[in-house]
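> With the sequence up front, the predicted model follows.
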Amino acid sequence: MAKPATVLVKLVSTADTGFYYVTNKNPRNQTEKMEFRKYDPVARKHVLFKEGKIK
């Protein structure tokens, strides 16, 4: 059976609030770590979210 093309990744807030988003990523096409500026409702502003592993 073939491996799935996408993996789940956790986008962790750099504001150290503990808030995170979970999204899909295709590691064959996107080899570098993901970074997005998204809304952190705990900090109540847009901050940088970096990719981390799901435990």
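Great, that's in hand. Numbers count the residues shown, from 1 in each chain.
> Tell me which residue is most central in the protein.
Nearest residue to the geometric centre of the chain (C-alpha atoms, centre = their mean): Leu11, 2.2 Å.
> Distance of that residue relative to Lys38?
The gap separating Leu11 from Lys38 is 7 Å, by C-beta to C-beta, to the nearest Å. (Each C-beta comes from the backbone N, C-alpha and C, glycine too.)
> what touches both of the two?
In terms of C-beta atoms under 8 Å, 6 or more residues apart in numbering, Leu11 and Lys38 are both contacted by the residues Tyr21, Phe49.
> Show me the strands in the protein, by range?
7-13, 20-25, 35-40, 45-52 (DSSP state E).
> from memory the residue nearest to the centre of the chain sits against Lys50, does it?
Yes. The criterion here is C-beta atoms under 8 Å, and Leu11 meets it with Lys50 at 6.9 Å.
> between these two, what contacts are shared?
Joint contacts of Leu11 and Lys50 (C-beta under 8 Å, 6+ apart) are Met34.
> who are the neighbours in contact with the residue nearest to the centre of the chain?
Leu11 touches Tyr20, Tyr21, Val22, Thr23, Met34, Phe36, Lys38, Phe49, Lys50, Glu51, Gly52, counting by C-beta under 8 Å, 6+ apart.
> Who does it form a beta bridge with?
Tyr21, Glu51 (DSSP bridges).
> Over to Phe36?
Phe49.
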